[in-house]
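J.: curious how this folds, go ahead:
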Amino acid sequence: MGENLTDADIKKIEEEIKYRELELRPKLLEDLKEAKAQGDLSENFEYYVAKRENNKNNSRVRYLKKLIATANIIEDSSNADEVGINDRVTVYIEEDDEEASYSITTGVRSNSLKDIISIESPMGKALLGRKAGEKIEVRVNDNYSYFVEIRKIEKGAGVSGDITI
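T.: As a prediction, the model looks like this:
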């Protein structure tokens, strides 16, 4: 089974594929052609770089197409009072005696440095489908878990970021 993706994720990936195929690829091929015209390829650094960049672009396009082809399409809607994908959630973490806010998303848009967490993460799994006021256990592994209380759910205030994988 593939990556869990929403229709919005698919659309973003398709936009990146379109950009890479219709805008970036012609530019990279032109760079490659110009570098090749400079002569001896064995010592032509520009040719090496242009070829590498073109190969990276082609590889990314293949990867993105495979990602879509093998995706598990999931619904990104949720009840008005429940945590869902693309919502911003404020929780109170008992162990740390502090509040934190997280945007909930699919794995392809997660970025822990920006407090954007995946529905596959321990916190994301624990929050998904829960309601404000609930105290829930976040199970990290068999030996460690902690409790959080959902303080606030902001519907649709979550992620609009780029695909990160």
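
J.: what is the subsequent helix or strand relative to the helix ranked longest in the chain?
T.: For the chain, the helix reaching the highest residue count under DSSP state H is reported as helix 45-69. As assigned by DSSP states H and E, the chain's next helix or strand after helix 45-69 is strand 72-73.

J.: helices or strands up against that following strand?
T.: Contacts of strand 72-73 with other secondary structure elements, assessed using 3 or more CB pairs under 8 Å, 6 or more residues apart in numbering; DSSP states H and E, are made with strand 4-5. Yep, even glycine has a C-beta here, placed from its N, CA and C like the rest.

J.: elements contacting the strand it packs on?
T.: Using 3+ CB pairs under 8 Å, 6+ apart as the contact criterion, the neighbours of strand 4-5 among helices and strands are strand 72-73.

J.: what average pLDDT does the strand it packs on get?
T.: The pLDDT scores in strand 72-73 average 90.

J.: before we move on, what about stretch 81-93?
T.: Taken as a whole, stretch 81-93 has a mean pLDDT of 92.

J.: what does that stretch contact?
T.: 6, 8, 74, 76-78, 98-106, 119, 127-132, 146, 148-159 (CB atoms under 8 Å, 6 or more residues apart in numbering).

J.: pretty sure residue 71 is touching residue 7, no?
T.: No - Residue 71 is not in contact with residue 7 according to CB atoms under 8 Å; the separation is 10.3 Å.
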